[in-house]
Each structure stands twice: as C-alpha cells, then as structure tokens.
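Chemist: need a 3D model of the sequence below.
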Amino acid sequence: MFMASFGMMLPELPGYLNTMGAGHLIGYIVGLFTLGALVSRLFSGKIADKAGRRVVMLIGTAVTAIAGFCYVLLGYISGLDFIAIESGMLAVWLFLGLRFFHGLSTGFRPAGSSALLTDIVPVERRGEALGFLGVAGNAGMAGGPAIGSLLAVEWGYDSMFIASSLLGIASLLITLKLPETLPGARPIKRSDLNVFKGKNFERAAWPAAISLLPVALAFGVFLTITPDFVEDLGYKYKGLFNTIVVVASISMRFVAGKASDKYGRVPILAIGGILLFLGMGILSYATTQFTAVIGGVIYGLSIGVNMPTIFAWTADLAPKGKIALAIGTTLVALEIGIGFGAFVSGSLFSSDATWLPLLYRFCSATGMIMAVVLFVFRKNKSTTIN
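Modeler: This next block holds a predicted model:
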C-alpha cells in the first residue's frame, strides 16, 4: 500500500506540471523527491538502529498519508486552473517543495522495513526474504501507476491525490499493528537527528552501494522521460507501461533472491547488469508499442534481479548491530543515482526531445560496465555475514 501510494502519481505528474506551465522542470519531479529521501537517509538508519524499526516506518508512512491531501490543497491555493500568473508561480514553488517533503517518506519507510525483515529471518534465507519484500513493494508499484493513470484521466488529478493519501492511511493503520523487533529500542533523542554526531554511513556497505548506482541512475532516467515516451507511442493510460515493467520485476524477484542465496550475490548481480544493458538498449531503439514492451520487460527483469540481491549483499556486509545503518547507506546511493538521473535527463529532454534514445543508451552502457566490473570482482569472496 505504501509503494502504491506514491507510485500511482509518477506517470501523471509530468502532465500535472505542464498544466502549471512549468513542463521544463520535469526533472525536478523525481529529483526533488529523491533529494528529500536522501536528506532523511542521513539519520533514518541511525534512528532505526537505536529507536527501533517500527518508529521509522511510522514516520515515513505518515508523510505519504499527508502528502496526497497537500497536493489537493495546492490546487486550491493556485486557483485550480493555474491561469493567474501569481498563483501559477506560487503553485510551482509549492509543488516543488511538496515533492521534497513527499520524498522524506521513502527515506524512512524502506530502511525500517528492510531492517525489520532481516531481524526475523535466518541469514541463509535473507536474499529470498528480501526478494519477497520487493515483490510486495513491486505489487504496489505495479497496481499504483495503473490506478493512478485511470483516476487522473477519467476523474482528474485530485481523485488520484486523494486515493494516494487513503492508501497511505491504510498502510499507517497496518504498520501500527507491527511489533518492534529491535532489542532495547528507546525513544528518539534529539541527538539522533544531528547528522554531524555519530555515524551516518556504514563503510562496510560501500561495495553494494556502488553497485547500486547504475541501477538507480537508469531508474531515475526511466521515471523522468518514459511517461512522455510512451505517450508518443500511443498509450492513453501512461501508468500501464510502468505496470508492465513492474510485473516483470515481480516475476524475477520470486527466483532472484533465492538464487543469490545459493550462487552468491556478485554473480547474480553481473547477470542483472547484462539485463539492464539489454533492456535499456532495446528501449532506445523502440518505435512501436510492441518493441517498447519487449525492452520494458527485460528492464523490469533487471530490476527484479538487482534490487533484492544488492540489499541482501548489504545485510551480509553489515557489522553486527549496524544492519539498518548499512541499508541506509545503500539507500543513499539509490537516491543519488535516481536524483542525478532525473535531473540530468529531465533537463536535457525538456530542451531537446532527441536526447531520449541517447539517455536510454547511456543507461544501457552503465549496465554493461556494471556487469564487467562485477564479473571481474566475483573472485573476491570476502564478506561479513552477520
């Protein structure tokens, strides 16, 4: 429900921004969201390892429950039709600020959820368990965009925003029922919010975090320019293409996590890099819906391989008692990659649409580089499994 709540907006927000006359700021839709997530990552892992997993999950879920209603309020502040210059400018600035605020949700919730899961599953089944967590998240990301596009097209943007908040509220109510899994959890202290005090990153997680960068970069590019890409191909409901990609990702997650438990994280990630290379490469040449679907499915398979494997590897590398901090470190790499990909691709694409295939090809190249580096690195078996 949490993933569906914010995921349902992504395909339609570029069109929403166009109604404000600010289509040139398309890169900020994803970029500021990920910046908000990045800022919150600086202390969410530390809080999760000291104050508990549950409180971090509750904070993130509360933000997404509030955000949807704030988008509706934004429409009223701007006069709904964005005709007046003053209200239109105000709406754009408020919208950008709201995207940053909304991004705080993903800086908290995933760090707590992943840490909670690693607390309760055996080490030898960690990859499989995180794969199933990804299936649940991807199920939300599959259904959310499709539902969001349907609501936006048939009943307007406000209906989509309200539905987003309602899903966030439902997720919050369920999270309130979860037990705390961190022994000795204590209330949040002011010092936990001080990014200059204590460790904000876990050095042991860097191999996994660096491996995530090309995956995240491609995801930022995909989220930013694909809605316009599929609209040009004739998709009425732009979220449908996202759903196809995510369903492919879900199908792979059922086997990828277990495979990484059996064969090792690095070899499986090398396969994920090859799939990223193929998927983005095909998208860069797609001129029909059929070809785009082939590329999208292969790209979705790459996500299904890479994400659970990288986070299982992160948990393997983490020192005892630092799993949430390690996961937070890897998630920082996720936000940096997504944010950079979104800002750059949005800026280039908004000024010249011919950049679209080149951006996909660049992401394809990073996937191949990732595969080659990991193939060479595979002989290094050193890891810290706690």
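
Chemist: show me what the helix or strand of the chain with the lowest mean pLDDT is packed up against.
Modeler: Ranked by mean pLDDT, DSSP states H and E, the helix or strand of the chain with the weakest confidence is helix 126-155, at a mean of 77. Identification of packing neighbours for helix 126-155 by 3 or more C-beta pairs under 8 Å, 6 or more residues apart in numbering; DSSP states H and E yields helix 2-7, helix 85-120, helix 157-175, helix 239-263, helix 289-317. To be clear about C-beta, it is placed using only N, CA and C from the backbone, and glycine gets the same treatment.

Chemist: how about 6 Å then?
Modeler: helix 2-7, helix 157-175, helix 239-263, helix 289-317 (3 or more C-beta pairs under 6 Å, 6 or more residues apart in numbering; DSSP states H and E).

Chemist: okay, now the unreliable bits of the stretch 251-386 of the chain?
Modeler: Within the stretch 251-386 of the chain, the stretches falling below the threshold (pLDDT under 70) are 351, 378-386.

Chemist: find me the pLDDT at Phe196, would you?
Modeler: Listed pLDDT for Phe196 reads 65.

Chemist: what is the orientation angle of the least confident helix or strand of the chain with helix 289-317?
Modeler: 140 degrees (axes from the mean of the first three to the mean of the last three C-alpha atoms, to 10 degrees).

Chemist: buried residues in helix 126-155, which are they?
Modeler: Neighbour-count burial for helix 126-155, counted by 16 or more other C-beta atoms under 10 Å, picks out 126-135, 137-153.

Chemist: I'd like the distance between the closest residue in space to Ile268 that isn't next to it in sequence and Glu154.
Modeler: Leaving out its chain neighbours, the residue that sits closest to Ile268 by C-beta to C-beta, 6 or more residues apart in numbering is Ser260, at 4.4 Å. To Glu154, Ser260 is 41 Å away according to C-beta to C-beta, to the nearest Å.

Chemist: now swap in Pro308 and tell me
Modeler: 35 Å.

Chemist: can you check Arg253 too?
Modeler: Distance from Arg253 to Glu154, by C-beta to C-beta: 31 Å.

Chemist: where does Pro11 land in three-state SS?
Modeler: Per DSSP: H, G, I helix; E, B strand; the rest coil, the local secondary structure of Pro11 is coil.

Chemist: Provide a list of residues in contact with it.
Modeler: Taking C-beta atoms under 6 Å, 6 or more residues apart in numbering, we find Pro11 in contact with 145, 149, 227, 238-239, 242.

Chemist: go again with 8 Å.
Modeler: 145, 148-149, 227, 238-239, 241-242 (C-beta atoms under 8 Å, 6 or more residues apart in numbering).

Chemist: next, it: phi, psi?
Modeler: Dihedral pair for Pro11: phi -70, psi -20, per degrees, to the nearest 10.

Chemist: over to the one 10 residues further on?
Modeler: For Gly21, the backbone dihedrals (degrees, to the nearest 10) come out as phi 70, psi 30.

Chemist: let me know how buried it is, in neighbour terms.
Modeler: Residues contacting Gly21 under the criterion other C-beta atoms under 10 Å number 15.
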